[in-house]
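Novice: Curious how this folds, go ahead:
(chains A and B)
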2 protein chains.
Amino acid sequence: VGFGNVARRFVRLLDERQDVVRRRYGIDWRVIGIATRRHGCLVDPAGIDAGLACDVVVDRGGSLAAGPMSRTARPCADAQEVIAAAHALGPPRGVVLETTTLNVVDGEPAASHVRAALEAGFDVVSANKGPVACAYDELCAVADRTGRTFRFEGAVMDGVPIFNLVRETLPAVEVIGFRGVVNSTTNYILCEMERGVPFAVALAEMQAQGIAEADASLDVDGWDAAAKTAALVNVLMGGCLRPAGVARTGVAALTPDAARRPLAQGQRLRLVASARRGPEGIVASVSPVTVPLSDPLAQLEGMANALILETDLLGEVAIVQRDGGLTQTAYALLTDLLSLRR
Amino acid sequence: VGFGNVARRFVRLLDERQDVVRRRYGIDWRVIGIATRRHGCLVDPAGIDAGLACDVVVDRGGSLAAGPMSRTARPCADAQEVIAAAHALGPPRGVVLETTTLNVVDGEPAASHVRAALEAGFDVVSANKGPVACAYDELCAVADRTGRTFRFEGAVMDGVPIFNLVRETLPAVEVIGFRGVVNSTTNYILCEMERGVPFAVALAEMQAQGIAEADASLDVDGWDAAAKTAALVNVLMGGCLRPAGVARTGVAALTPDAARRPLAQGQRLRLVASARRGPEGIVASVSPVTVPLSDPLAQLEGMANALILETDLLGEVAIVQRDGGLTQTAYALLTDLLSLRR
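Specialist: Reported below is the predicted structural model:
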């Protein structure tokens, strides 16, 4: 569901790593449905040639439903119909990959896609932070009831493990809070502004590279970071927070001077996402903060991200993503798929 | 096997976290054998009062075998006899915790303890880097043959996940190399020397805190870091390296001046453990290296540790331990125990 850059990179990654995927994990896959917003939707029980689908969508800008992919392919109206049609094919059930774009208000339509897929007996892997930020409790309840699994490693810091890190490798540890730089576009803009580059020029560069969200205000107004903060609070701290519940200040009002000024005091300006459990519950915020050079967040150049977890047993543990990009996000889907298999 | 600070802290940690251990993981435990080097060894099928054993060993400096712990307790000559006696009790098999001190030459007697325990049908959890650095292939073969599991998260960076991070959360990723600061004592000494504190004074402080190895040359000559490097190469990169195979330069010859000099060029001196797969195989080293302030390794203060993994799919991923200590090492044993249960 969703057949943009991430989903198409994922399809190629599956092929590139088929040795590991098939041999080590024993996964034999075929794509039986694709739902796109602008290029049609279809289901084919015999398996869709995903490479050809990429060509149709990207090179020819065409519709999957119009140009017949195979004789057994059946056009559908939308994602819900694709899920229903795939369900009607009967077992074996597969995995629905949700990669539609972010909606920070209510996580829709992604949350409904996840819900419908779980109800139809599919496991769900998503790179979309919307459902985790806006409907995590409800989707967990559906997954529990249907005995399926909902995974979303790609929602924060691409394929660098955050949710799996805590779930799989930090058992019996309580996350008391966290601080992080989780939005690549704004970190790049702040780094460029330190060097005197105007805000608009730095933003345009991120848009040209396809890193900034389609709606740039999601990045520069802190909405993307707020959605990630809500997702982290909901999953790692057992909270029940929505993006709108995160105190939020973006970077749009900042000037190169404001970004440069802290350097003189041995500090740097970073858009910091943080949350902490206090006597009055969990308090979360996203805002530009000056951090000393000794802080791991100060050292993040360009599109690098980092998250510092504050834990009860281990003190502070930080994980840093030094390189980001499409492959890393596509890998997030793969890591969830393989972890489902295990 | 081994009942020093780490094992005793682990026993208390099990009690402190019994809610999670018993309720969430369904583990009901009893200690049925303890092997020490200087305080005797015993096996008791009815269960040993571990708190009392701590008292006997620590407060009274006494022998476990001499002062009868219970009427069913049976003294043993050494660790091998404890393992054999526990084996003779029959199922259910449990877990042998190996926490004896480091031997960088051949990993003994720890490697023999691990081998004997696996052969006797026990899973093994170790905080000792010796067996992983010196006998990993062989111990894996024994574990495979006996169908048991050998875990050792505590061998590097205490309870901060390294081995579990790669195994559980980075499937299908190849580790091409790594760079890290993995020895707390030497990092503390380098930080202190930057401030003008003489080498001997800084080392004495680490010894007073119980952080430095009993034999300080293991830290300052780079042996501890070399053993960790070998362990990382063997496990994460599929290599077959021994501590002696790591090109090694320690910090004992350094002066405060040498530590301070790089600061003027915006650099810091760090004892860097690294390995990389090249055309002629894996090359590994431990040596003092000047790193720019923008390097995550430069920011590590005092006893902090970090490891930067270079991977094929995710680029560089770093994990940082900002706080270390006895609880963190004891937690490493707990994380392995819980992961065995899962």
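
Novice: show me where pLDDT drops low in chain A?
Specialist: Within chain A, the ranges that satisfy pLDDT under 70 run A:67-68.

Novice: again, 50 this time
Specialist: Judged against pLDDT under 50, chain A has no low-scoring part.

Novice: Which residue ranges of it form helices?
Specialist: Using DSSP state H, the helices of chain A run over residues A:5-16, A:18, A:50-54, A:79-88, A:110-119, A:129-146, A:163-169, A:184-194, A:199-208, A:217-220, A:223-236, A:256-260, A:326-341.

Novice: Now render those as JSON lines, adding mean neighbour count.
Specialist: In short, each C-beta sits where N, CA and C put it, glycine included. Output for the helices of chain A, formatted as JSON lines (neighbours: other C-beta atoms under 10 Å in any protein chain shown):
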{"stretch": "helix A:5-16", "mean neighbour count": "19"}
{"stretch": "helix A:18", "mean neighbour count": "13"}
{"stretch": "helix A:50-54", "mean neighbour count": "17"}
{"stretch": "helix A:79-88", "mean neighbour count": "20"}
{"stretch": "helix A:110-119", "mean neighbour count": "24"}
{"stretch": "helix A:129-146", "mean neighbour count": "20"}
{"stretch": "helix A:163-169", "mean neighbour count": "22"}
{"stretch": "helix A:184-194", "mean neighbour count": "23"}
{"stretch": "helix A:199-208", "mean neighbour count": "16"}
{"stretch": "helix A:217-220", "mean neighbour count": "21"}
{"stretch": "helix A:223-236", "mean neighbour count": "27"}
{"stretch": "helix A:256-260", "mean neighbour count": "17"}
{"stretch": "helix A:326-341", "mean neighbour count": "23"}
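
Novice: I'd like these as TSV, with distance to B:Val114 appended.
Specialist: Formatted as TSV, the helices of chain A follow (distance: least, C-beta to C-beta, whole Å):
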stretch	distance to B:Val114
helix A:5-16	37
helix A:18	36
helix A:50-54	46
helix A:79-88	48
helix A:110-119	43
helix A:129-146	39
helix A:163-169	22
helix A:184-194	44
helix A:199-208	51
helix A:217-220	51
helix A:223-236	34
helix A:256-260	54
helix A:326-341	28
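
Novice: May I see those helices arranged in JSON lines, with distance to chain B as well?
Specialist: Shown next, in JSON lines, are the helices of chain A (distance: least, C-beta to the nearest C-beta, whole Å):
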{"stretch": "helix A:5-16", "distance to chain B": "8"}
{"stretch": "helix A:18", "distance to chain B": "10"}
{"stretch": "helix A:50-54", "distance to chain B": "18"}
{"stretch": "helix A:79-88", "distance to chain B": "25"}
{"stretch": "helix A:110-119", "distance to chain B": "22"}
{"stretch": "helix A:129-146", "distance to chain B": "16"}
{"stretch": "helix A:163-169", "distance to chain B": "4"}
{"stretch": "helix A:184-194", "distance to chain B": "11"}
{"stretch": "helix A:199-208", "distance to chain B": "18"}
{"stretch": "helix A:217-220", "distance to chain B": "21"}
{"stretch": "helix A:223-236", "distance to chain B": "14"}
{"stretch": "helix A:256-260", "distance to chain B": "17"}
{"stretch": "helix A:326-341", "distance to chain B": "4"}
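
Novice: so which of those helices gets nearest B:Glu138?
Specialist: helix A:163-169 (26.0 Å; C-beta to C-beta).

Novice: helices or strands next to that closest one in the packing?
Specialist: Judged by 3 or more C-beta pairs under 8 Å, 6 or more residues apart in numbering or on different chains; DSSP states H and E, helix A:163-169 is in contact with helix A:223-236, helix A:326-341, helix B:163-169, helix B:326-341.

Novice: Not counting its own residues, what contacts it?
Specialist: Helix A:163-169 is touched from outside by A:151-153, A:155-156, A:161, A:173, A:175, A:235-236, A:309, A:319, A:335-336, A:339, B:161, B:164-165, B:168-169, B:335, B:339, with contacts defined as C-beta atoms under 8 Å, 6 or more residues apart in numbering or on different chains.

Novice: need the helices and strands packed on helix A:163-169 in a markdown table with distance to A:Ala133, can you?
Specialist: As requested, the helices and strands packed on helix A:163-169 are exported to a markdown table (distance: least, C-beta to C-beta, whole Å):
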| stretch | distance to A:Ala133 |
| --- | --- |
| helix A:223-236 | 4 |
| helix A:326-341 | 16 |
| helix B:163-169 | 21 |
| helix B:326-341 | 28 |
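
Novice: wait, which of those is closest to B:Ile211?
Specialist: helix B:326-341 (9.3 Å).

Novice: how much does the closest one deviate in direction from helix B:5-16?
Specialist: In this structure, helix B:326-341 runs at an angle of 60 degrees to helix B:5-16, with axes from the mean of the first three to the mean of the last three C-alpha atoms, to 10 degrees as the basis.

Novice: which residue does the stretch 1-150 of chain A bring closest to chain B?
Specialist: Closest to chain B within the stretch 1-150 of chain A is A:Val20: 4.4 Å, counting by C-beta to the nearest C-beta.

Novice: Now do that residue against A:Leu337, distance only.
Specialist: 11 Å (C-beta to C-beta, to the nearest Å).

Novice: for A:Asp55, same thing?
Specialist: A:Asp55 is 23 Å from A:Leu337, where distance means C-beta to C-beta.

Novice: again with A:Gly177
Specialist: The value you get for A:Gly177 to A:Leu337, if C-beta to C-beta is used, is 31 Å.

Novice: what's the closest residue to A:Met193 other than its chain neighbours in contact with, if anything?
Specialist: In space, and not counting its chain neighbours, A:Met193 is closest to A:Ala259: 3.7 Å by C-beta to C-beta, 6 or more residues apart in numbering or on different chains. Listed by C-beta under 8 Å, 6+ apart, the contact partners of A:Ala259 are A:Leu190, A:Met193, A:Glu194, A:Leu269.

Novice: 10 Å instead?
Specialist: Shown in contact with A:Ala259 (C-beta atoms under 10 Å, 6 or more residues apart in numbering or on different chains): A:189-197, A:199, A:202, A:251, A:268-270, A:288.

Novice: and what of A:Arg260?
Specialist: Contacts of A:Arg260 by C-beta under 10 Å, 6+ apart are A:Met193, A:Glu194, A:Arg195, A:Gly196, A:Arg268, A:Leu269.

Novice: One more pass at 6 Å, please.
Specialist: Listed by C-beta atoms under 6 Å, 6 or more residues apart in numbering or on different chains, the contact set of A:Arg260 reads A:Glu194.

Novice: quick one on the thing from earlier: skipping its backbone neighbours, what lies nearest the residue of the stretch 1-150 of chain A closest to chain B in space?
Specialist: Closest residue to A:Val20 apart from its sequence neighbours, by C-beta to C-beta, 6+ apart: B:Ala172 at 4.4 Å.

Novice: residues near that neighbour, how many?
Specialist: Counted with other C-beta atoms under 10 Å in any protein chain shown, the neighbours of B:Ala172 add up to 19.

Novice: just A:Leu313 next, same as before
Specialist: Neighbour number of A:Leu313 under other C-beta under 10 Å is 19.

Novice: Dig out what A:Leu271 forms beta bridges with.
Specialist: Counting by DSSP bridges, A:Leu271 is bridged to A:Pro288.

Novice: Surely it and A:Tyr188 touch.
Specialist: No. Between A:Leu271 and A:Tyr188 there is no contact under C-beta atoms under 6 Å: 10.6 Å.

Novice: from what I can see A:Leu307 touches A:Asn183, true?
Specialist: No. The criterion here is C-beta under 6 Å, and A:Leu307 misses it with A:Asn183 at 11.9 Å.

Novice: The two: which has the busier surroundings?
Specialist: A count of neighbours by other C-beta under 10 Å puts A:Asn183 above the other of A:Leu307 and A:Asn183, at 29 against 25.

Novice: Give me the nearest residue to that one, chain neighbours excluded.
Specialist: Going by C-beta to C-beta, 6+ apart, A:Asn183 has A:Ala225 as its nearest residue, at 4.5 Å.

Novice: coming back round to it: which of the helices and strands packed on helix A:163-169 sits closest to B:Ile48?
Specialist: Closest to B:Ile48 of the helices and strands packed on helix A:163-169 is helix B:326-341 (C-beta to C-beta; 16.9 Å).

Novice: That'll do, ta.
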